[in-house]
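**Student:** Got a predicted structure here, sequence first:
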Amino acid sequence: MGSRILVINPGSTSTKVAIFNDEKLCFDAEANHPREIIDKFSNAMEQKEFRSAAIMELIRDELQQGTPDMVVGRGGLLRPIPGGPYTITDEMISDLENERYGSHSCNLGAIIARELAEKWSVPSIIMDPPVTDEIEPRAKITGLPEITRRSVFHALSQRGAARSVAAKMGLDYEKSRFLVAHMGGGISIGAHREGKIVDVLNGLDGEGPFTPERSGTLPLVPLIELVESGKYSCAELKKTITSGCGLLGLTGTNDLRLIEPRIDAGDEKAKLVFDGLVYNIAKHICSYIPALISEETRKAPADAVILTGGLARSKRLVTGIEKLVGFIAPVHVITGLEEMEVMGRGGLAVLRGEMRPQDYRA
């Protein structure tokens, strides 16, 4: 009997779970959370019991086959740390519960993972948290001395997809260059250069294209004027631009699957918004080309452009983006359980003693 590993991944509007027996995926399921339900909670921490109940409902029958030997939770917003596995500690839980470094549903991954692990008396870890920081110093500089760019992105998805494509192309990830776009409820774009992610688009801080529910980059002066108008409080505006606009604000839904039939039915506004999404994603992918170029570069800057995440399941979206960025390098699409598989493999490596969990210190 192999090692049984439960993987938990809370996203902005869904909660995914998977169970692995060693490397083999035995079970995967996803609970989708309508925006009207999520909006009833004032912050991510208030969703804990709701998300925990959803997880237990998903895995109820699977637990009849035996409890896990380890629980792996998606990493949350912690201090900037190197990638890899981390034991879930009291200090980590405190930072997540108090939202010391930011509020997002991914913070619940470690919290719920440890609660379940303690219930079953098994270890719990996180793997490659979204605050994985390998950004070059030059990429952190902004024109405003009080603000420095930070690294918050879909590290699991991006690195998992990049390693998968490298293997398919017969390349060594540590010697290759990729532009990777994770496209889901949030969008992040990373420049992967010889094993390090040297620059990333931090959608959580408002960078990049608009997404199914985020505003993306906005003109600063009109944004300041909007705050001064009194239409929103700072807290209200922050919540709106991170979870209440984008496709949702422009079309009334954050589900691309509902927008595409409207385009086919002749809805011109839906088509314009969709075209704008394609254009904005492509534009920001192209903006990361300089991060792949060094003095040693003597060839095309990228080996591949990689599209992953839930939106990569849309053939219409992928085709539109490929037309605009295909000149850079071949475009590869990775869909499925990349994040879950990376977490599962990490948990297995820890159980086998192949990787040693690092100690998180606040």
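**Tutor:** Alright, I've got the coordinates.
**Student:** Leaving out chain neighbours, which residue sits closest to Asp255?
**Tutor:** Pro212 (7.3 Å; Cβ to Cβ, 6 or more residues apart in numbering). Just so you know, the C-beta spots here come from the backbone N, C-alpha and C atoms, and that holds for glycine as well.
**Student:** Now for the protein: which helix has the highest residue count?
**Tutor:** helix 268-286 (DSSP state H).
**Student:** Looks like Thr251 contacts Pro261 (just checking).
**Tutor:** No. Judged on Cβ atoms under 8 Å, Thr251 makes no contact with Pro261 at a distance of 11.9 Å.
**Student:** neighbour count winner among the two?
**Tutor:** Set Thr251 next to Pro261 and count neighbours by other Cβ atoms under 10 Å: Thr251 wins out with 20 against 10.
**Student:** Just the pLDDT for that one.
**Tutor:** Here, the pLDDT recorded for Thr251 equals 98.
**Student:** can you map out the helices along the stretch 201-350 of the chain?
**Tutor:** 220-229, 234-243, 247-251, 256-264, 268-286, 315-325, 338-351 (DSSP state H, counting those that start in this stretch).
**Student:** Out of those, which one sits most buried?
**Tutor:** helix 338-351 (a mean of 24; mean count of other Cβ atoms under 10 Å).
**Student:** Contacts for it, please.
**Tutor:** With contact meaning Cβ atoms under 8 Å, 6 or more residues apart in numbering, helix 338-351 is reached by 3, 5, 7, 9, 16, 18, 20, 22-23, 25, 28, 69-70, 72, 74, 84-85, 123, 125, 127-128, 154, 156-157, 159-161, 164, 308, 355-357.
**Student:** got the residue ranges for the helices in the stretch 51-200 of the chain?
**Tutor:** 90-97, 107-120, 137-140, 155-169.
**Student:** elements contacting the first one?
**Tutor:** Right, the one you point to is helix 90-97. helix 107-120 (3 or more Cβ pairs under 8 Å, 6 or more residues apart in numbering; DSSP states H and E).
**Student:** re the thing from before, okay if I get the helices of the stretch 201-350 of the chain as CSV plus distance to Glu174?
**Tutor:** As requested, those are exported to CSV (distance: least, Cβ to Cβ, whole Å):
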stretch, distance to Glu174
helix 220-229, 38
helix 234-243, 34
helix 247-251, 36
helix 256-264, 34
helix 268-286, 22
helix 315-325, 24
helix 338-351, 16
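**Student:** Report the central residue of this protein.
**Tutor:** Central residue of the chain (Cα atoms, centre = their mean): His154, 3.1 Å from the mean position.
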